[in-house]
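Participant: Provided below are the primary sequence and the corresponding predicted coordinates.
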Amino acid sequence: MTGLVVAMDGPSGSGKSSASRGVARALGLRYLDTGAMYRAITWWMLQRGVDLADPEAIAARALDPILTLGADPDAPTVAVDGVDAAGPIRTAEVTAAVSAVSAVPEVRRRLVAEQREIIGAGGIVVEGRDIGTVVAPDAVVKIYLTASADARALRRTAELTGTTVEVQRAAMARRDTLDSTRKADPLAKAADAVELDTTALNLEEVVAEILRVIKEKV
Ligand code: C5P
């Protein structure tokens, strides 16, 4: 398992984070949440008043924030310029803004390079939108998680306070459209990915199914 790379892609709310951490834990692998990297840069830019409606303004600052990530699936960490960002990157403000930042090629180029460096010789579960297609096209195991729009909105609503399923369904649909229609590295299922619909599965069942796929391939 030391050289293994498990690529986990899919839309928001498909259960990628919980499943990725569960698989990494079960196999003693490291864990990388690439969405946290895009969120961290977005948070940094919001704090500095960068105009997120202007892709050139985003590109001009794309290399400035310094990211530090911890790869323990039990306690993943993310810091920006040495400041813990785990809480702030999950706010509704960052969630609403992140797709504009992640669509900018300069941001993607920088983060894809950093992600490849972290992946290194492998032994890691990596979750995102373009892992099987762009970041780690040679990954031995590629999983594409999906779930119905209702199931995804329900899950997200249960994680948050002060929101409704309707609000979450609309916000997720907007973000998924932006993520899958952008020019640079859109959300896409790799041709050799195994698609897993998690609508009717609980976390244990999803993890068990992914472990079964890994066992088959490795
Ligand atoms: O996975 P999460 O919802 O935290 O991702 C936040 C955002 O980061 C996504 O909506 C997408 O815009 C961007 N993202 C990306 N490529 C990745 C991971 C995340 O563009 N590999």
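Facilitator: Received, thanks.

Participant: can you list contacts of stretch 162-169?
Facilitator: The contact list for stretch 162-169 (Cβ atoms under 8 Å, 6 or more residues apart in numbering) reads Gly13, Ala92, Ala149, Asp150, Arg152, Ala153, Leu154, Arg156, Thr157, Leu160. C-beta here means a position set from N, CA and C on the backbone, and glycine is covered the same way.

Participant: can you give me the buried ones in that stretch?
Facilitator: By neighbour count with 16 or more other Cβ atoms under 10 Å, stretch 162-169 contains the buried residues Gln168, Arg169.

Participant: show me what the helix or strand of the chain with the lowest mean pLDDT is packed against.
Facilitator: Within the chain, no helix or strand scores below helix 149-159, which has a mean of 91 by mean pLDDT, DSSP states H and E. Using 3 or more Cβ pairs under 8 Å, 6 or more residues apart in numbering; DSSP states H and E, the elements in contact with helix 149-159 are helix 165-181.

Participant: please put the alpha-carbon coordinates of the helix or strand following the helix it packs on into PDB.
Facilitator: Where DSSP states H and E defines the elements, the next helix or strand beyond helix 165-181 is strand 194-197. C-alpha atoms of strand 194-197 as PDB (Å, rounded to 0.1, in the frame of the first residue of the first chain):
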ATOM      1  CA  VAL A 194     -15.200   3.400 -10.800                       C
ATOM      2  CA  GLU A 195     -18.500   5.300 -10.300                       C
ATOM      3  CA  LEU A 196     -20.200   4.700  -7.000                       C
ATOM      4  CA  ASP A 197     -23.600   6.100  -6.300                       C
END
